Each structure stands twice: as C-alpha cells, then as structure tokens.
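Student: Generate a structure from the sequence data that follows.
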Amino acid sequence: MIKTIFSYLVFFGLCLAIMFAAVIPWPSAIFVLLGICDSSREYLEGECKLNTFNWKWCVTKESVKKMKHSECISTGGLIYYTEKQANNAHQLLINESRPSSEKNGN
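Tutor: Here you go, the predicted structure:
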C-alpha cells in the first residue's frame, strides 16, 4: 500500500515537472519564480524590475547603456542589439549634432 502511494506521488511529480518544463519558456521561468519578473512576457520584452541579461542597448546623444525597452523609448533613445552597433549609432548621433563648420574642419 505504501509503495503504491509512493509510486503515484513520484509519477505525479514527474508529470508536473514535464508539464512545467514544456509550458513555461526557459530561462524566464527562473526569473518569474524568483520574483524578478512578473511574467514570461515581461521577460521576453525586457521589462523586468532588474536586468535579466536581456536588456537592449539604448543610444542617445548623451550615452550608450543597457536598459529596459520602455525606458529607452521614453527618453527618446534608439534600441540596438549589440554594443558595437550601439557605439556606431552613438558616434553618428554625435556627428550629426555638431555644427557643419566643425564637421568640415573649418
């Protein structure tokens, strides 16, 4: 009798683990369970409370840094996926904001 109950519990636990692994996208599940993100969607959109290593590079005339997508857009920034792209875009923004006399070297 005890063996049967134990077997059912192990089987039930195994079924739950398989369902959990199949339904919740990884690694977002870890961040949701730790309370860093409220949902998997929030993780995928890069909107968690803390950096979950999926924030994007935000470029403004003043800076290049990783941040939430919504914060970047609200500051008038542009989103880039690599640091190299972000730095190149930052240099373009700086060059565009210079007066034409500085650009020409006059």
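Student: Could you list the residues in contact with the longest helix anywhere in the chain?
Tutor: Assignment by DSSP state H gives helix 2-23 as the longest helix of the chain. For helix 2-23, contacts defined as CB atoms under 8 Å, 6 or more residues apart in numbering pick out residue 29. Yep, even glycine has a C-beta here, placed from its N, CA and C like the rest.
Student: Then stretch 72-88?
Tutor: 56-60, 64, 67, 69, 89.
Student: ok so, going back, give the rounded mean pLDDT of the longest helix of the chain.
Tutor: For helix 2-23, mean pLDDT rounds to 81.
Student: how distant is it from the center of its chain?
Tutor: 33 Å (CA atoms, centre = their mean, to the nearest Å).
Student: Skip ahead from the host helix or strand of residue 71 and say which helix or strand is next.
Tutor: Residue 71 is part of helix 69-74 when elements are defined by DSSP states H and E. Sequence order places strand 78-80 as the next helix or strand after helix 69-74, per DSSP H and E.
Student: send the alpha carbons of whichever helix or strand comes after the longest helix of the chain over as PDB?
Tutor: Next along the chain after helix 2-23, taking DSSP H and E as the criterion, comes helix 28-33. Extracted in PDB, the C-alpha atoms of helix 28-33 (Å, rounded to 0.1, in the frame of the first residue of the first chain):
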ATOM      1  CA  SER A  28      12.100  33.200 -18.000                       C
ATOM      2  CA  ALA A  29      10.700  30.700 -15.600                       C
ATOM      3  CA  ILE A  30      13.600  31.100 -13.200                       C
ATOM      4  CA  PHE A  31      13.200  34.900 -13.200                       C
ATOM      5  CA  VAL A  32       9.400  34.600 -12.600                       C
ATOM      6  CA  LEU A  33       9.900  32.100  -9.800                       C
END
